[in-house]
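Engineer: 3D model of this:
(chains A, B, C and D)
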Protein chains: 2
Amino acid sequence: MRLAELSERSGVSTATIKYYLREGLLAPGRQINTTTAEYDEGHLRRLRLVRALIQVGRIPVATAREVLGHVDDDSLGRTIRLGAALWALPQGAEPDEEDPAVVAARREVDRLLAGLGWETARELSPLSPVHRSLVVAVAALIRLGYSWDAELMAPYAELMHQVARRDLDYLETHASDAERVETAVAATVLFEPVLTALHRLAQEEESARRYGL
Amino acid sequence: MRLAELSERSGVSTATIKYYLREGLLAPGRQINTTTAEYDEGHLRRLRLVRALIQVGRIPVATAREVLGHVDDDSLGRTIRLGAALWALPQGAEPDEEDPAVVAARREVDRLLAGLGWETARELSPLSPVHRSLVVAVAALIRLGYSWDAELMAPYAELMHQVARRDLDYLETHASDAERVETAVAATVLFEPVLTALHRLAQEEESARRYGL
DNA sequence: GGCCATTGGCTAGCGGCACTATCCAACCAC
DNA sequence: GTGGTTGGATAGTGCCGCTAGCCAATGGCC
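Structural biologist: Below is the predicted model of the structure:
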């Protein structure tokens, strides 16, 4: 398949595909001669993943390149690749460690992880970007005057742990070993908008039940 | 308090505060004379909320203005105002109703809501922006070849319903009636990054437990 | 009374991002 | 041989969230 067909079947303009090629989000096609390249189903699949990450997952192009780079890195084992890919995901500013709200947030997050017995998370702790973004979000709530402490967060964390168990169960049954890293990335990034939407729908539903329309 | 102090205490530059005033995210201070205005604790609080919505919640400035406009609209009742504010929140592109993935996604979402008995969600259904964004996200997963159907989503929805019940419980105990709309908006927008971060931490933890580091 | 910092209001500019548009010479299919 | 397509390159576009600078009026301070 050539550029025009790849564009046709993915619904992405040729200009944008060229842009993704330039940015290294998509591997170049098999070069037939100076002016022609051949793309296969793998390219189509990757292109759809890229679009989903960017448009649905709202991942910046540069981040997507980094994440996919780890997914494709054959020199590493599966677990490491996945870890590296997920490590590259989060965006958002650095917390200002001087800020008392950040200090308080960090303390509560650490207490939370200790209480839950999430040892992995605690060991990697202050380094992990996910941990960092949790601290930033909790700090924002604290700054607004909401008393977010470990006890309040714990039930939420337990619920998200149940969600995570489901995620991994799904992964085990629905992905072959070869494609597991890619599937895991897709699951992490794309389940989130689904969860968010379900969360808001549930809020609307529960609110309507309690207080009427 | 004057502009400089508001800037000092919020950590937001005067230039940015002026920008927010221009954009209508922040009510003008009480004008003392042509060149001086007085701001109060309410302004500081609102400014912190605006910052949190934009920086932590990743809400575009234009959307934040719309949402806060509903929060402040005294002509409406509390429930309506909250509904209107939440209605204004979601971003993201319109689904292409021609796309078979979108058609399939819509069908599964409708089946899901029917199965759960979320009648409120079903009635407001195709109009609601949240519903729309759920369809878009599910469509992306389907397009990638993941078989996301109502049966698969139902347990996730149940879990998010539990989360939503906690959210509303928190709201009932921690917010006075006057500030409830503002708190609800803050909760909807700012709990999400927390949930997302907890979700990813839980994934890492569970993955480490199952497969080692 | 003189002086300097600060104010609201204004306009213009900036840097980043995700494309988009155009031009080009090479080439291949008909 | 001619029209359409290709990869490659470069420049431009539109939006967004600020940021910077100028201004005349004013206020507090000495």
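
Engineer: Low-confidence ranges, chain A, go.
Structural biologist: Scanning chain A for pLDDT under 70 picks out A:121-122, A:124-126, A:213.

Engineer: tell me the strands in it, going along the chain?
Structural biologist: Ranges of strands in chain A, per DSSP state E, are A:30-33, A:36-38.

Engineer: With respect to residue B:149, which of those lies nearest?
Structural biologist: strand A:36-38 (35.1 Å; Cβ to Cβ). Just so you know, the C-beta spots here come from the backbone N, C-alpha and C atoms, and that holds for glycine as well.

Engineer: Show me the contact partners of the closest one.
Structural biologist: The set of residues external to strand A:36-38 that reach it, using Cβ atoms under 8 Å, 6 or more residues apart in numbering or on different chains, is A:1-3, A:28-32.

Engineer: so can I have a markdown table of the strands of chain A showing mean neighbour count?
Structural biologist: What follows is those, written out as a markdown table (neighbours: other Cβ atoms under 10 Å in any protein chain shown):
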| stretch | mean neighbour count |
| --- | --- |
| strand A:30-33 | 9 |
| strand A:36-38 | 14 |
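
Engineer: Export the ones you listed as TSV, with columns for distance to residue A:134.
Structural biologist: What follows is the strands of chain A, written out as TSV (distance: least, Cβ to Cβ, whole Å):
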stretch	distance to residue A:134
strand A:30-33	44
strand A:36-38	43
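
Engineer: which residue packs closest to the residue positioned nearest the centre of chain A, ignoring adjacent ones?
Structural biologist: With distances taken as Cα atoms, centre = their mean, residue A:189 lies nearest the centre of chain A, 3.3 Å away. Counting by Cβ to Cβ, 6 or more residues apart in numbering or on different chains, residue A:57 is the residue found nearest to residue A:189 once chain neighbours are left out, at 3.9 Å.

Engineer: Residue B:98: which of the contacts of strand A:36-38 is nearest?
Structural biologist: Closest approach between the contacts of strand A:36-38 and residue B:98, by Cβ to Cβ: residue A:1, at 22.0 Å.

Engineer: sorry, back to before: nearest to DNA strand C, of the strands of chain A?
Structural biologist: Closest approach to DNA strand C among these is made by strand A:30-33 (4.1 Å; Cβ to the nearest atom of the strand).

Engineer: which helices and strands sit right next to that closest one?
Structural biologist: Strand A:30-33 is packed against strand A:36-38, with contacts defined by 3 or more Cβ pairs under 8 Å, 6 or more residues apart in numbering or on different chains; DSSP states H and E.

Engineer: ok so, going back, within reach of DNA strand C, which of the contacts of strand A:36-38 are there?
Structural biologist: Restricting those to those near DNA strand C by Cβ under 7 Å from any atom of the strand leaves residue A:32.

Engineer: how about the contacts of strand A:36-38 in TSV, adding distance to residue B:184?
Structural biologist: Formatted as TSV, the contacts of strand A:36-38 follow (distance: Cβ to Cβ, whole Å):
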residue	distance to residue B:184
A:1	50
A:2	52
A:3	49
A:28	50
A:29	51
A:30	55
A:31	57
A:32	59
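
Engineer: which non-adjacent residue is nearest residue A:143?
Structural biologist: Closest to residue A:143 by Cβ to Cβ, 6+ apart is residue A:101, at 4.3 Å.

Engineer: Wait, that neighbour touches residue A:142, no?
Structural biologist: Yes - Residue A:101 lies in contact with residue A:142 (Cβ atoms under 8 Å); the separation is 4.5 Å.

Engineer: From DNA strand D, how far out is the closest residue to residue A:185 other than its chain neighbours?
Structural biologist: Excluding the flanking residues, the one nearest residue A:185 by Cβ to Cβ, 6+ apart is residue A:85, at 5.2 Å. Residue A:85 sits at a distance of 26 Å from DNA strand D (criterion: Cβ to the nearest atom of the strand, to the nearest Å).

Engineer: Around DNA strand C, pick out the residues from chain A.
Structural biologist: Counting by Cβ under 7 Å from any atom of the strand, chain A comes close to DNA strand C at A:13, A:15-16, A:18-19, A:32-36, A:54-55, A:60-62.

Engineer: quick one: which of these is nearest to DNA strand D?
Structural biologist: For those, the nearest to DNA strand D is residue A:35 (3.3 Å; Cβ to the nearest atom of the strand).
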